[in-house]
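Q: What shape does this take:
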Amino acid sequence: MLFFALSGLINALSSGFVGLLVYLKNRKETLNKIFGLMCLSIAVWGFSYFVWQMSTTKESALYWARALMAGSIFIPVTYLHVVLVLLDLHQIKRRILVLIYIFAFIFFSLNFTSLFVKDVAPELYFPYWPKPGIFFHPFLLLFFSCVSYGWILLVRAYRNSGGLRRAQIKYVLAASLIGFLSGPTNYFLWYGIPVPPYWNVLVALFPIIITYAILKYYLFYIKVILTELLVGIFSILLFIQIFFSDSVLEYIWNTFVFIIFLFFGYLFIKSVLREIKLKQQLGEASWAVLEAGMKLSEDFKKVMADRKKILNEWFLSDVNKELEANALRNKIKELEEKLHKKEEEL
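A: Okay, the predicted model is just below:
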């Protein structure tokens, strides 16, 4: 029981931390906002999962089972939204997004009723496992439809893209495969299928892998986020220290240190941002050079293959001509012999 409760808490903390950092980096960027909402949905689900597993009464377990579904309802919807924004398809697929959000809010409005989560009952070694209401079944259809469609779009984009974008899509696809193959193992017990959700803890790998992609392929400039966060924390501490000064001289000194730190912190953040942009440009250039080299290698192989084919054809053609010439000489020789015999007979 404690293992499953902790898995929910780990999922909540990892998703919440990454989602908050990404959102704070650029609140105006659509991808950052939707990614933050997706992580928030996972965090709500994970925290409610933790409290539900720790519940000791049926009433408390039922409430938190419905609370975790409030987060779970929006996980597949925001995930598909993230995929569409990442692939620059959110404007083209706008009607699909509107439709799935409408369904999500309908399910959310029914979530805290018996029409969605009917009750909690013992399953395996769990004293309070939720049981589905009538509207839970169409929600599962929406859940797997959104996830499957997102996977299909990512696979298509991976095949048709290259360079830095291809690397980003690869890690997002890997993260989503792990997350959405492990989390739904919770749904077996909803239908009385005796499969415990041991894989639930792997959901935490979803934001971890995304974070790796962020750090390596600059998806959300997480290094800048962490730098700004560090500078901000020290700035707050130095600012608070001003008000704890014991003398005027100490007050002036603490104020001076605070201002100097702000100045150099600003320069430090700018240098980190400049470094990341330079690395991104170098990375994209490296990918371009690598792809150009691969294309040149393929072209060279093709030329060599064509050259070999031409040489083979030329050789075979030359041999055939020689054979035809020999056959013709033999035929002429044979005719000459016959003509010579005729002359002798005459």
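
Q: Where do the domain boundaries of the chain fall?
A: Partitioning the chain according to automatic domain parsing yields domains covering residues 2-220, 228-297.

Q: okay, those in TSV with distance to Glu334 and mean neighbour count next?
A: The way it works is simple: take the backbone N, C-alpha and C, and place the C-beta from them, glycine included. Shown next, in TSV, are these (distance: least, CB to CB, whole Å; neighbours: other CB atoms under 10 Å):
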stretch	distance to Glu334	mean neighbour count
domain 2-220	64	18
domain 228-297	55	13
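
Q: Return the member of those domains having the minimum mean pLDDT.
A: If you rank the domains of the chain by mean pLDDT, domain 228-297 sits at the bottom with a mean of 72.

Q: As a check, name the ranges of all helices in the protein.
A: Counting by DSSP state H, residue ranges of the helices within the chain are 2-25, 30-54, 58-86, 94-110, 136-160, 163-182, 205-217, 222-242, 248-345.

Q: hmm, back to that, can you say which of the domains of the chain is nearest to Asn330?
A: domain 228-297 (49.0 Å; CB to CB).

Q: any idea which residue sits dead centre in the chain?
A: Val172 (1.1 Å; CA atoms, centre = their mean).

Q: wait, doesn't that residue sit right on Leu154?
A: Yes - counting by CB atoms under 8 Å, a contact exists between Val172 and Leu154, whose distance comes to 6.4 Å.

Q: so what sits against both of these two?
A: Among the neighbours of Val172, those also in contact with Leu154 (CB atoms under 8 Å, 6 or more residues apart in numbering) are Val83.

Q: what about the domains of the chain, which gets the closest to Lys333?
A: domain 228-297 (53.3 Å).

Q: In space, what's closest to Ser7 - neighbours in sequence excluded?
A: Distances taken as CB to CB, 6 or more residues apart in numbering put Val201 closest to Ser7, at 3.7 Å, once the chain neighbours are dropped.

Q: For that neighbour, give me its contacts.
A: Contact criterion CB under 8 Å, 6+ apart gives 3, 6-7, 10-11, 182 as the residues in contact with Val201.

Q: Kindly report the same for Val82.
A: With contact taken as CB under 8 Å, 6+ apart, Val82 is in contact with 31, 34-35, 38.

Q: so which pair among these is furthest apart in space?
A: Taking CB to CB as the measure, the contacts of Val82 reach their widest spread between Leu31 and Met38, a distance of 10.5 Å.

Q: rewinding a little: could the domains of the chain be laid out in TSV, adding distance to Lys333?
A: Supplementary listing: those in TSV, determined by distance: least, CB to CB, whole Å:
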stretch	distance to Lys333
domain 2-220	64
domain 228-297	53
